[in-house]
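Trainee: A structural model of the following input is requested.
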Amino acid sequence: RALRQPARLLKHRLIALLPPPLPGAHDLAMPAPRITVTPFQTCDGCERAFRSPTPGRCRDCRTDHAQTAA
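Mentor: Residues are numbered from 1 along each chain as shown. You can find the predicted model right below:
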């Protein structure tokens, strides 16, 4: 059996079998930096958990300690 419209078959196969489009410039950009979360610390004065990069006292104990020292 002969093809009646070979150009049309070729066009269909080229369109149907195209690879996915290449990524754009925004897809190749570096991802946004991750947000660092400040860890929980335990207060040396009252054992309350608070966020701080270093161990120490919570806000309430720092103000109480400063008031008693003054």
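Trainee: going forward, measure contacts and count neighbours with C-alpha atoms only.
Mentor: OK.
Trainee: where are the low-confidence patches of the protein?
Mentor: Regions of the chain meeting the criterion pLDDT under 70 cover residues 1, 70.
Trainee: who's in contact with residue 61?
Mentor: Contact criterion C-alpha atoms under 8 Å, 6 or more residues apart in numbering gives 45-46 as the residues in contact with residue 61.
Trainee: helix or strand: which one has it?
Mentor: helix 59-69 (DSSP states H and E).
Trainee: so which residues of the protein form helices?
Mentor: 6-16, 25-28, 59-69 (DSSP state H).
Trainee: any idea which residue is closest to the centre of the protein?
Mentor: When the chain is reduced to its mean C-alpha position, the closest residue under C-alpha atoms, centre = their mean turns out to be residue 34, at 5.1 Å.
Trainee: hang on, the earlier thing: take the helices of the chain and write them to JSON lines, including distance to residue 45.
Mentor: As requested, these are arranged in JSON lines below (distance: least, C-alpha to C-alpha, whole Å):
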{"stretch": "helix 6-16", "distance to residue 45": "70"}
{"stretch": "helix 25-28", "distance to residue 45": "50"}
{"stretch": "helix 59-69", "distance to residue 45": "6"}
